[in-house]
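J.: Give me a 3D structure for the following:
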Amino acid sequence: MSISGLELLLGVAADLLLGDPRWLPHPIRGFGLVASRVEQVWRKAPFPVHLAGAGFWLSAVGLACLVVWVSLRVLPRPWVTVYWIFSLLALRDLDRHASAVMEAIDTGDLVEARRRTAMIVGRDTALLDEEGILRATFESVAENLSDAVIAPLFYLALTGPLGLAAYKAVNTLDSMVGYRNPRYREFGWVSARADDLANWGPARLSALLVWLCALRPGFDFARSVRATLRDARRQPSPNAGYPEAAVAGALGVRLGGVNCYGGTPSPKEFLGDPVRPLDRALYSCLRWLLYGPALALTAFLCGVLPWW
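T.: Numbering: from 1, shown residues only. Alright, predicted model coming up:
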């Protein structure tokens, strides 16, 4: 199912204007609740754990696609497409959550800043100092530039609302069960690998778009390219290092290092070079590297998609 440039433009504009209104039920939250129930069903199925995990993944992604497909058949096409674009993009909301962390830092309330940081990262935040909070926030924005903005637009353009729904389901399932702990190592293996595969292209496209936006004065295009090519492949994730390294290089800061998950330290390679300190003032520059790539890709897609 293809989309038009007008539908894309209206959907992105609605996301920029409204973000994720708390009064409006969000489909991703609903999908998470349904997926949890589906997981319980497959946990009880008489199959080996890894096969049950595969069945769970197929069922959950299939349900997400079915809901979108039915809505497109039953409801007026242009407006339901705009709704799915608006509700499944997270550009404004990503900025809103990160900005809330910055506001807490501005008031000197590190306890509140840690609480707000915990809403956008999976690492332990209780003992983070200001620099640790900033690093966590910058890394989250960079990674989610790919996961929550560029990848949805990428699959939307390729395969329409069904592709967008499938990608968001895949990405959500990875965040739910794609862990290497005893509970999910076998059950979540398909979810984790599928997310790695789905994000391979968008992660590298995100880095390319960050490079282009780093051509603006005040950023470092050459360092962004160099940091990406040098550091991105050193990360445990096959994809997250690309937008993170590109952003680190463009800003002239160093990201990466040791994070703690459930009290267990998890060291990662550094990304970028510490040309300048990681401080609160850089968030306005980070916002350009969030909105710039998103709007550049939107403008490009609006130029190549049919308008009716």
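J.: quick one, helices of the stretch 51-200 of the chain?
T.: Ranges of helices within the stretch 51-200 of the chain are 77-88, 91-106, 110-117, 130-144, 151-177, 189-213, based on DSSP state H, counting those that start in this stretch.
J.: Count residues in the vicinity of the residue lying closest to Ser59 once chain neighbours are set aside, would you?
T.: Distances taken as C-beta to C-beta, 6 or more residues apart in numbering put Val38 closest to Ser59, at 5.3 Å, once the chain neighbours are dropped. In this view, the C-beta of every residue, glycine as well, is placed from N, C-alpha and C. Using other C-beta atoms under 10 Å, Val38 has 19 neighbouring residues.
J.: tell me which element Val38 is part of?
T.: Per DSSP states H and E: Val38 is located in helix 27-43.
J.: hmm, back to that, just put the helices of the stretch 51-200 of the chain in CSV and tack on mean pLDDT, distance to Gly55 and mean neighbour count.
T.: Output for those, formatted as CSV (pLDDT from 0 to 100; distance: least, C-beta to C-beta, whole Å; neighbours: other C-beta atoms under 10 Å):
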stretch, mean pLDDT, distance to Gly55, mean neighbour count
helix 77-88, 92, 25, 20
helix 91-106, 96, 32, 19
helix 110-117, 97, 36, 19
helix 130-144, 97, 29, 22
helix 151-177, 96, 12, 22
helix 189-213, 98, 9, 21
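J.: Show me the one of those helices that comes nearest Arg43.
T.: helix 151-177 (10.7 Å; C-beta to C-beta).
J.: distance between the closest one and the chain's centre?
T.: Helix 151-177 sits 11 Å away from the centroid of its parent chain (C-alpha atoms, centre = their mean, to the nearest Å).
J.: Can you name every helix or strand that it contacts?
T.: If contacts are counted by 3 or more C-beta pairs under 8 Å, 6 or more residues apart in numbering; DSSP states H and E, helix 151-177 sits against helix 5-18, helix 27-43, helix 49-74, helix 77-88, helix 189-213, helix 283-304.
J.: Show me what the helix holding Val38 is packed against.
T.: helix 49-74, helix 77-88, helix 151-177.
J.: closest to Asp15 out of the ones you listed?
T.: Per C-beta to C-beta, nearest to Asp15 of the helices and strands packed on helix 27-43: helix 77-88, 5.1 Å.
J.: any idea of the angle the closest one forms with helix 49-74?
T.: With axes from the mean of the first three to the mean of the last three C-alpha atoms, to 10 degrees as the basis, helix 77-88 and helix 49-74 are set at 140 degrees to each other.
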